[in-house]
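Novice: let me see the structure of the following:
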Amino acid sequence: MLTILVTAIFVINACVVLHPLKLAPGGVAFVLSLSKTFTKVLGEWAMTLYLVGSFAVIYSTMATLYDGYARLIDNSIKIITPAVKFCDDHKGMVVTLYRLLHLMRKTKEGLECRQYTPRVRTDIKLYQGSLTGECADDE
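Specialist: From the prediction side, this is the model:
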């Protein structure tokens, strides 16, 4: 919860102070320019406090990401292992499904490239009375 609060303060400070001043560099220069805004408002001691705090926030975020990444890999392996075992046990069915999907993709691509050209029959003669219900053989 504290991390969210600190992050929100950083973002609000950047929007309110840096954006109107057109001071929005990237990387380390961003942290230094943001720390200067605290210095202008609170004094020289605020820059040191800000830099220590920003280091702590970034370090804790990276530690959390590394921990989360390890758990993600572990959970992914647990999910994928049964699928790999199923594929090994049912190779024939997997190959058949693969071929079927490939055939369906080729058919879909072929249908997407088709153009419909309507054909007009020219051998049919329309008679004046055909719309009124009269027979064409009356002539």
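
Novice: lowest mean pLDDT among the helices and strands, pick that one out for the protein.
Specialist: None of the helices or strands of the chain scores lower by mean pLDDT, DSSP states H and E than helix 19-21, at a mean of 70.

Novice: which element follows it toward the C-terminus?
Specialist: Where DSSP states H and E defines the elements, the next helix or strand beyond helix 19-21 is helix 28-42.

Novice: now do the following helix or strand past that following helix: which elements does it pack against?
Specialist: Where DSSP H and E defines the elements, the next helix or strand beyond helix 28-42 is helix 44-89. When contacts are defined as 3 or more Cβ pairs under 8 Å, 6 or more residues apart in numbering; DSSP states H and E, helix 44-89 sits against helix 2-13, helix 28-42. Bear in mind the C-beta positions are built from the backbone N, C-alpha and C, glycine included.

Novice: quick one: buried residues of the last one?
Specialist: So that's helix 28-42. 30-31, 33-38 (16 or more other Cβ atoms under 10 Å).

Novice: same check, this time on the shortest one
Specialist: Using 16+ other Cβ under 10 Å as the burial criterion, the residues of helix 2-13 that qualify are residue 10.

Novice: from the chain's centroid, how far away is that helix?
Specialist: Centroid separation for helix 2-13 versus its chain: 25 Å, with Cα atoms, centre = their mean, to the nearest Å.

Novice: any idea of the mean pLDDT for it?
Specialist: Across helix 2-13, the average pLDDT comes to 79.

Novice: check the last one too.
Specialist: Over the span of helix 28-42, the pLDDT mean works out to 75.

Novice: now the angle from it to helix 2-13?
Specialist: 80 degrees (axes from the mean of the first three to the mean of the last three Cα atoms, to 10 degrees).

Novice: for residue 17, which non-adjacent residue is closest in space?
Specialist: residue 37 (4.6 Å; Cβ to Cβ, 6 or more residues apart in numbering).
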